[in-house]
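Asker: sequence plus predicted model, see below.
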Amino acid sequence: MTAINPFESAMKQLEKAHTVLKASKKKLTNIDRKVAVLRVPQRQVNVTIPVVMDDGTQKIFEGYRVQFNNARGPYKGGIRYHHNVSLDEVKALSFWMAMKCAVADLPLGGGKGGIILDPKMLSQGELERVSRGYGNAIADFIGPDLDVPAPDVNTNGVIMGWMVDEFLKVQRKKAKAFGVTLSKKDERKLTSTFTGKAIKDGGSEGREEATGLGGLFVLQAILKRLKLKGTLTAAVQGFGNVGYNVAKFLDEAGIRVVAVSDSKGGIYVAEGINPALTLECKKKNGYLAGCYCSGSVCDLKKGKQVTNESLLELPVDILVPAALENALTRENAAKVKAKVVLEMANGPTTPEADTILYKKGIPVIPDILSNSGGVTVSAFEWEQNRKGQHWTKTQVNQKLAKKMADAAGAVWDASVTHKTDLRTAAFVVALERILTAMK
Ligand code: GLU
């Protein structure tokens, strides 16, 4: 099997939406010329980060920041740490960010960053040094009105804190060269360059769980339109920040989460897992196997082990790929038994798998809609920092609920108008908004 290039997949998705939009009666000028601009990133930054390791040797890490499009506002998107990070992956992810921010109707464009590394192989000190090195290396290319990074796979608020710190050091030095000292207010505005920060560093309430909660809101909006009711079951691939939180919110909403997995494999518990207990057990053991936690107990007799591959083929109502790209491909899409797929990872379904699922009548709620809750609360954080405000969790979640309901409604309506699948509909909604903003 040849490796699937996520950027090629992203461009196929764009092409499909482009064709639908052109065939529609929408009054847009210079569509072809503008779409051609959307096939290439506006800027790609390639950085190298020399790090002294704990044993005294030096290692040089490679990283990227891709700024795809800023027609609707500053570039926006996370920074990923993974051993499989590549330029084409970061390009795809940054393109999807531009589409995602447009679907959620945020005044932001799309960007993404990544470093090729396996965080499990680094000590806390090494992780801090590489993160600070990256923050310093991209400092000239980011800013509150230019490019606003955030966490992604294997990064979090602590890492954002190190990067903000490095970024501020560079800005203070620049100001000093002009004989200026930055005021507290200047520095506060500059911290809005990063979102997904810890609350003590200016982060927003609700940001950590926003992607998961947003996913639930989108799912509820689509289930209502699909008229899918009753007691539903779900399987979640991925148990990181997004996978865990979506499992937690599905469970709280009365959806029985019967299977979850992480990179090492997964578990199946017919009664439905208790996400919080399962996470606790996983932290203690280091893996999910044996963490058959349901109700208020973990019991070895209650469940069984499943592989990541077989989890995707379980007879559940809702399948939630919440790990990495290319989980559903032409090899396994025909074996999916779920009634609906909720994409919480970025790019988990290849275009070939999309076609197979569509023919099988399985709606796929696309990533750029279902996981847009994270960047939506990032946009709230950015706004709060700029205005010097701190909203309550209730305020944040109410605003998030409204944004997600509006986005899901717009995508559903576009799928009806253009008689197309939800992904193409989401791309059409995003494309129309981006093309309108482009000169
Ligand atoms: N990494 C998240 C995503 O892929 C969030 C990005 C952000 O908050 O800027 O949507």
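Answerer: All right, it came through fine.
Asker: for the stretch 151-300 of the chain, which residue gets nearest to the ligand?
Answerer: Asp152 (3.7 Å; C-beta to the nearest ligand atom). No exception for glycine: its C-beta is placed from N, CA and C like everyone else's.
Asker: now for that residue: which residues touch it?
Answerer: 77-80, 93, 112-114 (C-beta atoms under 8 Å, 6 or more residues apart in numbering).
Asker: any idea how far Thr424 is from the closest residue to the ligand within the stretch 51-200 of the chain?
Answerer: Residue of the stretch 51-200 of the chain nearest the ligand, by C-beta to the nearest ligand atom: Gly78 (2.9 Å). The gap separating Gly78 from Thr424 is 25 Å, by C-beta to C-beta, to the nearest Å.
Asker: same check on Gly77?
Answerer: The value you get for Gly77 to Thr424, if C-beta to C-beta is used, is 22 Å.
Asker: what about the nearest residue to Cys101 once chain neighbours are set aside, which SS state?
Answerer: Spatial nearest neighbour of Cys101, chain neighbours left out: Leu108 (4.2 Å); criterion: C-beta to C-beta, 6 or more residues apart in numbering. With DSSP: H, G, I helix; E, B strand; the rest coil as the basis, Leu108 sits in coil.
Asker: give me the pLDDT for Leu108.
Answerer: On pLDDT, Leu108 comes in at 98.
Asker: list the contacts of the helix or strand hosting Asp354.
Answerer: Assigned by DSSP states H and E, Asp354 falls within helix 351-359. The contact list for helix 351-359 (C-beta under 8 Å, 6+ apart) reads 9, 12-13, 16, 328-330, 332-334, 336, 341, 349, 364, 421, 423.
Asker: check which element follows it along the chain.
Answerer: Taking DSSP H and E, what comes next after helix 351-359 is strand 364-365.
Asker: okay, now the sheet partners of that following strand, with direction.
Answerer: Paired with strand 364-365 in the same sheet, following DSSP bridges, are strand 340-342 (parallel).
Asker: tell me how far the strand it pairs with lies from the chain's centre.
Answerer: 16 Å (C-alpha atoms, centre = their mean, to the nearest Å).
Asker: let's number from 508 now, not from 1
Answerer: Taking 508 as the first residue, the last one we looked at is strand 847-849.
Asker: what number of residues lie near Met628?
Answerer: The number of residues packed around Met628, counting by other C-beta atoms under 10 Å, is 9.
Asker: retrieve the pLDDT associated with it.
Answerer: The model's pLDDT for Met628 equals 96.
Asker: tell me which parts of this structure are close to the ligand?
Answerer: 583-585, 607, 657, 659, 702-703, 853, 878, 881-882, 885 (C-beta under 6 Å from any ligand atom).
Asker: just to revisit the earlier point, give the contact list for the residue nearest to Cys608.
Answerer: Here Leu615 is in contact with 579-583, 608, 655, 882, 886 (criterion: C-beta under 8 Å, 6+ apart).
Asker: now the residues you listed as a markdown table including pLDDT, secondary structure and neighbour count?
Answerer: Below are those laid out as a markdown table (pLDDT from 0 to 100; DSSP: H, G, I helix; E, B strand; the rest coil; neighbours: other C-beta atoms under 10 Å):
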| residue | pLDDT | secondary structure | neighbour count |
| --- | --- | --- | --- |
| Arg579 | 98 | coil | 21 |
| Gly580 | 98 | coil | 20 |
| Pro581 | 98 | coil | 22 |
| Tyr582 | 98 | strand | 29 |
| Lys583 | 98 | strand | 30 |
| Cys608 | 98 | helix | 31 |
| Val655 | 98 | strand | 27 |
| Val882 | 98 | helix | 29 |
| Ala886 | 98 | helix | 25 |
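Asker: what lies in contact with whatever helix or strand Lys541 lives in?
Answerer: Assigned by DSSP H and E, Lys541 belongs to helix 538-544. Residues outside helix 538-544 that contact it (C-beta under 8 Å, 6+ apart): 521, 525, 528-529, 576, 938, 942, 945.
Asker: check stretch 887-898 too.
Answerer: 651, 655, 692, 695-696, 698-699, 702-704, 709-712, 714, 903, 906-907.
Asker: could you list which of these belong to helices?
Answerer: Residues of the contacts of stretch 887-898 located in helices (DSSP state H): 692, 695-696, 698, 714, 903, 906-907.
Asker: who does the longest strand seen in the chain touch, helix- and strand-wise?
Answerer: When the chain is parsed with DSSP state E, its longest strand is strand 565-576. Counting contacts by 3 or more C-beta pairs under 8 Å, 6 or more residues apart in numbering; DSSP states H and E, strand 565-576 packs against strand 550-559, strand 582-589, helix 594-610, strand 617-623, helix 631-645, strand 654-658.
Asker: let me know which of these is tucked in deepest.
Answerer: strand 617-623 (a mean of 28; mean count of other C-beta atoms under 10 Å).
Asker: what is the orientation angle of that strand with strand 565-576?
Answerer: Interaxial angle, strand 617-623 versus strand 565-576 (axes from the mean of the first three to the mean of the last three C-alpha atoms, to 10 degrees): 170 degrees.
Asker: of the contacts of helix 858-866, grab the buried ones for ChimeraX.
Answerer: To isolate the buried subset of those in ChimeraX, counting by 16 or more other C-beta atoms under 10 Å, use the following:
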select :516,520,523,835,836,840,843,848,856,871,928,930
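Asker: for the ligand, give me its nearest residue in the stretch 758-907 of the chain.
Answerer: For the stretch 758-907 of the chain, C-beta to the nearest ligand atom, closest residue to the ligand: Ser885, 3.2 Å.
Asker: gap between the strand or helix carrying that residue and the chain center?
Answerer: Assigned by DSSP H and E, Ser885 falls within helix 880-894. For helix 880-894, the separation from the chain centroid amounts to 15 Å (computed by C-alpha atoms, centre = their mean).
Asker: relative to helix 691-698, how tilted is that helix?
Answerer: Using the same axes, to 10 degrees, helix 880-894 lies at 160 degrees relative to helix 691-698.
Asker: buried ones in helix 880-894?
Answerer: 880-892.
Asker: kindly report the same for stretch 563-570.
Answerer: So for stretch 563-570, counting by 16+ other C-beta under 10 Å, buried means 568, 570.
Asker: what separates that stretch from the chain centre, distance-wise?
Answerer: The answer for stretch 563-570 is 27 Å, by C-alpha atoms, centre = their mean.
Asker: now stretch 774-783
Answerer: 24 Å.
Asker: ok, residues contacting that stretch?
Answerer: Against stretch 774-783 from outside (C-beta under 8 Å, 6+ apart): 740, 751, 754-755, 758, 763-768, 785, 795-803, 809-813, 818, 821.
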